[in-house]
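J.: sequence first, predicted model second:
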Amino acid sequence: MVSIARKNLFHDRVRLVISVGGVAFATMLIMTLIGVYYGIFTESTMYLMNTRADLWVGQEGIHDTWHTYSLLPRGQEDEILQVGGVKDVHEFIGRAVRAKISKVEDKEETIFIIGFDTKSGVGGPWEIVKGKKIPRDGQVIVDRVFALRNNIDIGDKIEVGGMELTVVGISKDTFVLVYSYVFVTKEDATKIFGAEDFLNYYMVEVENPFFAKKVADDVKNRLEKLGVKVDVLTKEEFIDNHKEVIDESFSAILLPLVFIGFFIGVTVIGLTLYTATLEKIKEYAILKAIGANEGFMIKIVLEQAFTIAMLGFVAGTLLSLSAANWVPNIAPEFYVEINVWNIAISFVSIVAMSVAASLIPIRKLEKVDPATVFQA
Amino acid sequence: MLIETRNVTKIYGAGRTAVKAVDNVSFSVDNGELVLLMGPSGSGKTTLLTLISGLLKPTSGNIKIDGIEITRLSQKELARLRLEKIGFIFQHFNLLTALTALENVMVPLIIKGMRESEARKKAASLLKDFGLEDRMDHKPEDLSGGEQQRVAVARAVITDPNIIIADEPTANLDSEKGREVMKLISSMVKRGKAAIIASHDPRVEKFANRILYMEDGRLKDVRA
């Protein structure tokens, strides 16, 4: 196909490469930022997704495990098990605490310590990259990011609440934004928190997840009749609550950066098209003189814009996929998730960029005077 | 009549700075006629060609192209009229630099909406007739001046227009190449087209059926 637009673009290859490179980096910026956004969502809800709990029973007023604190009396398992549709009940004891890294002097870091039932394994780590999956008393399974950041390996020790714990396993996908999940037995967690009479949540497995909401209401009613005020959230509701916290905290930071990426892209494509249009202004006058109408001219500019945008998008997507793979090697906390939605949003942004960037060159072309073809 | 002008006047600017570039010009060109427009620089030749092409609106007067009064047409209608009825040849060839000779000739057909394969075939055949079959895939920068102007003539006639408008088509060519280009234009006229050529070049005179002299925007003399 004889495409005047593409022929014009490829005529000056250096400028084309610079333009495509600019759009590729804008795409990479947008895609990576959106990837970080999705990555935070995924990371922060990974624990809830991978724990076999269908219902979370917490103190009345709970919203999420980070910002709202739940304290419930122990010993309610049997009451909950009496509710129709309940398959099993497990204790969850966990909160953020400071941990001393024995290997490094004066080094402390905030971790989220979780005590779980080692017999059922519910509430514990789901993927281990090194060592054991189930700790015994006095042992701990730490998150991979925490281990990498502090140069911790199997056999090293950390100190939490005056208790020294030996690292016996390293888990994966258990880092959430600012702190890592570490796993101990529920007995050790009880000692660390000094909470013999209390726990934080009951994790409930139901027989049929389709009826989870109905079972949740029944659990709430039963416990409230006993004077224990609770809120019972389904796994999905609890995940949504955590996503809401992330959304409230990070949208305000990430969205402006995504817009900056968008404007960089618009500027790059716009400048390229504008200079390309100016350079060929006489040729556009020739086209007008020999009978090309406005639509034909607009099509040329849009085709140029889309060609730059699509080439930049493909290059940017490849760069982003590559970055998503190697960046965690440098910064393990950094999790970039390039999913279908991320690619779709970036694609729509790039298309919008090309349209926006075409407006000024199109206005310029509308003003081209074809009578200038007769001038020397 | 293919071209008919009646009392055409074009004034640039207004008030004390107004310049009358074309002053009350009336003439007509029929099928099979090659009309040469001569006169000194600034006499209004190019402005008159621009008006006939519909690229400028006259201040007053009427212009008919193939029976159509063009002073009342919209920009879109004028573009269509130029595409279908007029072929242009310029002093500086005005080829599109990013396209090959063949693609340059195809451009008017593509604008008209012809299928690419058909346009390619038609353009290649015409370039072959013009003796440029070995130069089709070359870009303008790789062609000589004479070759570029022959490509420009091919582009002008590829849509089979009735009228050819040329502005100094031989000015940048040596005598042999200039003669070749004029022979091509003349052969089109002999097939029933009309041509109006603005030129200072006395070599063009022998190809003309009629010569119009312009001075200070007016037609001074008409020589058959």
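T.: That came in fine, so what should we check first? Numbering: from 1, shown residues only, chains lettered A, B, ... in the order given.
J.: just list the residues touching the residue positioned nearest the centre of chain A, thanks.
T.: Most central in chain A under Cα atoms, centre = their mean is residue A:39, positioned 2.0 Å from the mean C-alpha point. If you count contacts by Cβ atoms under 8 Å, 6 or more residues apart in numbering or on different chains, residue A:39 has them with A:334, A:335, A:336, A:337. C-beta: built from backbone N, CA, C; applies to glycine.
J.: reformat those as a markdown table; add pLDDT.
T.: Output for those, formatted as a markdown table (pLDDT from 0 to 100):
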| residue | pLDDT |
| --- | --- |
| A:334 | 79 |
| A:335 | 83 |
| A:336 | 87 |
| A:337 | 88 |
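J.: nearest to chain B among those?
T.: residue A:336 (39.1 Å; Cβ to the nearest Cβ).
J.: please look at that closest one and residue A:34 and confirm they touch.
T.: No - with contact defined as Cβ atoms under 8 Å, residue A:336 does not count as touching residue A:34 (9.0 Å).
J.: out of those two, which sits in the busier spot?
T.: Shown here are residue A:336 and residue A:34; by other Cβ atoms under 10 Å in any protein chain shown, residue A:34 has more neighbours (27 against 22).
J.: please, which helix or strand holds the more buried one?
T.: Applying DSSP states H and E as the criterion places residue A:34 in helix A:13-50.
J.: I'd like the average pLDDT over that helix.
T.: In this model, helix A:13-50 has a mean pLDDT of 87.
J.: for the spatially most central residue of chain B, name its beta-bridge partners.
T.: Central residue of chain B (Cα atoms, centre = their mean): residue B:165, 1.8 Å from the mean position. On the basis of DSSP bridges, residue B:165 is bridged to residue B:88, residue B:196.
J.: helix or strand with the lowest mean pLDDT in chain B?
T.: For chain B, the helix or strand with the lowest mean confidence is strand B:218-223, at a mean of 81 (criterion: mean pLDDT, DSSP states H and E).
J.: for that one, packing partners?
T.: Where contact means 3 or more Cβ pairs under 8 Å, 6 or more residues apart in numbering or on different chains; DSSP states H and E, strand B:218-223 is packed against strand B:19-29, strand B:210-215.
J.: for those strands, which one sits closest to residue A:279?
T.: Closest to residue A:279 of the helices and strands packed on strand B:218-223 is strand B:19-29 (Cβ to Cβ; 29.6 Å).
J.: stretch B:124-134: end-to-end distance?
T.: 10 Å (Cα to Cα, to the nearest Å).
J.: picking up where we left off before, so for the helix holding residue A:34, what gets flagged as buried?
T.: Neighbour-count burial for helix A:13-50, counted by 16 or more other Cβ atoms under 10 Å in any protein chain shown, picks out A:16, A:19-41, A:43-48.
J.: quick one, helices of the chain?
T.: Chain wasn't specified; assuming chain A. Secondary structure of chain A (DSSP state H): helices at A:4-11, A:13-50, A:77-81, A:144-149, A:186-193, A:212-225, A:235-279, A:281-289, A:294-330, A:340-366.
J.: let's do chain B instead
T.: All helices of chain B, identified by DSSP H, fall at B:45-52, B:75-85, B:101-112, B:116-129, B:145-157, B:175-190.
J.: chain center to the first one: distance?
T.: Meaning helix B:45-52. Centroid separation between helix B:45-52 and its chain, computed with Cα atoms, centre = their mean, to the nearest Å, is 10 Å.
J.: residues in contact with that helix: which ones?
T.: With contact meaning Cβ under 8 Å, 6+ apart, helix B:45-52 is reached by A:371, A:374-375, B:3, B:5, B:8, B:10, B:21-22, B:25, B:37-39, B:56-58, B:63, B:65, B:165, B:167, B:196, B:198, B:214, B:217.
J.: which PyMOL command selects the buried ones in these?
T.: The PyMOL selection below is limited to those of the contacts of helix B:45-52 classed as buried (16+ other Cβ under 10 Å):
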select buried, (chain A and resi 371+374) or (chain B and resi 3+5+8+10+21+22+25+37+38+39+56+58+63+65+165+167+196+198+214+217)
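J.: ok, now which ones touch the residue in chain B that chain A sits nearest to?
T.: Using Cβ to the nearest Cβ, the single residue of chain B nearest to chain A is residue B:83, 2.6 Å away. Residues in contact with residue B:83 (Cβ under 8 Å, 6+ apart) are A:290, A:291, A:292, B:108, B:111, B:112, B:159.
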